[in-house]
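Student: Kindly return the folded structure for what I paste below:
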Amino acid sequence: MSSCRDFQIENGILTRYTGAGGDVVIPDDVLVIGDEAFSDCVNLTGIKIPDRVIHIGEMSFQNCINLTRITIPDRVTCIGDHAFRGCRKLISINIPRRVVRIGMGMFGGCTNLTNITLPDRVTYIGDSVFWGCKSLTSITIPDRANSIGDEAFGICESLTNIAIPDSVTSIGAGAFLHCTSLTSIVIPNSVTSIGKSAFSGCASLTDITIPKSVRSIGQKAFYGCKSIKLAAPNGRAFMIRCYDNMEKDIVAAMQMLRMKKIDTRAKMSPSLKFALALMLFDFYDDTDARAYLKRNLAKGMKALIDDGNLELVEILLKKTDLVTKCNIDKCIQYAIDTRQQEIYLTLIHYKNAIGAYAEISEKFWL
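Tutor: Numbering: from 1, shown residues only. Now for the predicted structure:
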């Protein structure tokens, strides 16, 4: 139990707690919890904040490593940067509805934090807010938030999915760095920039679509990811395999999708360019795109088969007449060689449909 002598209070501002810790009740005459007021109070286990408090300062409860319980009054409108950083045993916390800013590093290193609800009024999610919150499994970003700060969810190893609202225009550098359990994420059409290493190390991420609104992507934004999808018209998307230094290629691809026309002079991965040309021809009947497909059919088809991109192979067969009796057997043989069974079966059906019955000598083995 705390006594008045444990608190240094000046004009309603609690500047420092000097007690032994345990469960602490802050005096009723406190209006503001000052910067670092409880910082490094390693024996603090629980705290009751009076209803009159309107402000919680920077680093106010930083490194209170045994703090498990805290209730923040509804009158609080501002919580400072790093306020609860390093509170390792904190499992859940309420954020009052009047708070509009989730400051830098506020919950960084809260390794046991599993449950938190952000108020609807929040417009700002700062850098490193949930950095290292390894037990956080899901979170809803409010509809008014306009940006996600650098490393905001970095090393949230248990985070499996997250919804980004249409209000967000930028995703910061390392925002989801090493979120190794993240499997899917929807990036809205409002987003124009994705920072460097934003999704780096998200090895489980299998469902992410880059919208046409994106105009800049930082280096290694998808480093360690296996594949991503690029948004296409009519709510569709097409998958591409990730490769080193692909970010500039994606930005160029988004520009072409916005222009609805292939730029044959653009320098990018041949496999991406072929896939892009196929989508542009499919949706917009771009004659330049068709000419590019025809000129690069052999390499492009190999790239699609290598990637196991059945969807685009089917579009190529359905929307163009480029795969013929003369070249179908080479495509089938390459599918056999690369052990792409689904594509192999699709090509066999197509071969039968166009009446090319010459036999392939090798059997398909997996």
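Student: Which stretches in the stretch 101-250 of the chain count as helices?
Tutor: 247-259 (DSSP state H, counting those that start in this stretch).
Student: which residues of it fall in strands?
Tutor: Secondary structure of the stretch 101-250 of the chain (DSSP state E, counting those that start in this stretch): strands at 101-102, 115-117, 124-125, 138-140, 147-148, 161-163, 170-171, 184-186, 193-194, 207-210, 216-217, 227-231, 237-241.
Student: Run the chain-centre distance for the fifth one.
Tutor: What that stands for is strand 147-148. Here strand 147-148 is found 11 Å from its chain centre; the criterion is CA atoms, centre = their mean, to the nearest Å.
Student: would you say Ile348 is within a helix?
Tutor: Yes - secondary structure of Ile348 (DSSP: H, G, I helix; E, B strand; the rest coil): part of a helix.
Student: so who does it touch?
Tutor: Ile332 (CB atoms under 8 Å, 6 or more residues apart in numbering). C-beta: built from backbone N, CA, C; applies to glycine.
Student: try Lys89
Tutor: 65-68, 112.
Student: what's the answer for Asn94, then?
Tutor: Taking CB under 8 Å, 6+ apart, we find Asn94 in contact with 71-72, 117.
Student: now it, which residues is it bridged with?
Tutor: Thr117 (DSSP bridges).
Student: Val42 against Cys64, yeah?
Tutor: Yes - here Val42 reaches Cys64: they are 6.9 Å apart, a contact under CB atoms under 8 Å.
Student: These two - which one has more neighbours?
Tutor: Cys64 (26 against 10; other CB atoms under 10 Å).
Student: wait, isn't the more buried one in contact with Ala37?
Tutor: No - if you go by CB under 8 Å, Cys64 and Ala37 don't touch, sitting 10.6 Å apart.
Student: ok, and the closest non-adjacent residue to Ile262?
Tutor: Ala289 (4.3 Å; CB to CB, 6 or more residues apart in numbering).
Student: just how off-centre is the helix or strand containing the one you found within its chain?
Tutor: Following DSSP states H and E, one finds Ala289 within helix 287-295. For helix 287-295, the gap between its own C-alpha mean and the chain's C-alpha mean amounts to 34 Å (CA atoms, centre = their mean).
Student: Could you give me the buried positions within it?
Tutor: Neighbour-count burial for helix 287-295 flags 289-290, 292-293 (criterion: 16 or more other CB atoms under 10 Å).
Student: try stretch 62-71
Tutor: By 16+ other CB under 10 Å, the buried positions in stretch 62-71 come out as 62-68, 70.
Student: a markdown table for the contacts of Asn94, including pLDDT?
Tutor: Output for those, formatted as a markdown table (pLDDT from 0 to 100):
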| residue | pLDDT |
| --- | --- |
| Thr71 | 90 |
| Ile72 | 94 |
| Thr117 | 86 |
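Student: so can I have JSON lines of those showing distance to Ala221?
Tutor: Shown next, in JSON lines, are the contacts of Asn94 (distance: CB to CB, whole Å):
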{"residue": "Thr71", "distance to Ala221": "39"}
{"residue": "Ile72", "distance to Ala221": "35"}
{"residue": "Thr117", "distance to Ala221": "29"}
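Student: and of those residues, the nearest to Val30?
Tutor: In terms of CB to CB, no member of the contacts of Asn94 lies closer to Val30 than Ile72, at 13.3 Å.
Student: Thanks again, I'm all set now.
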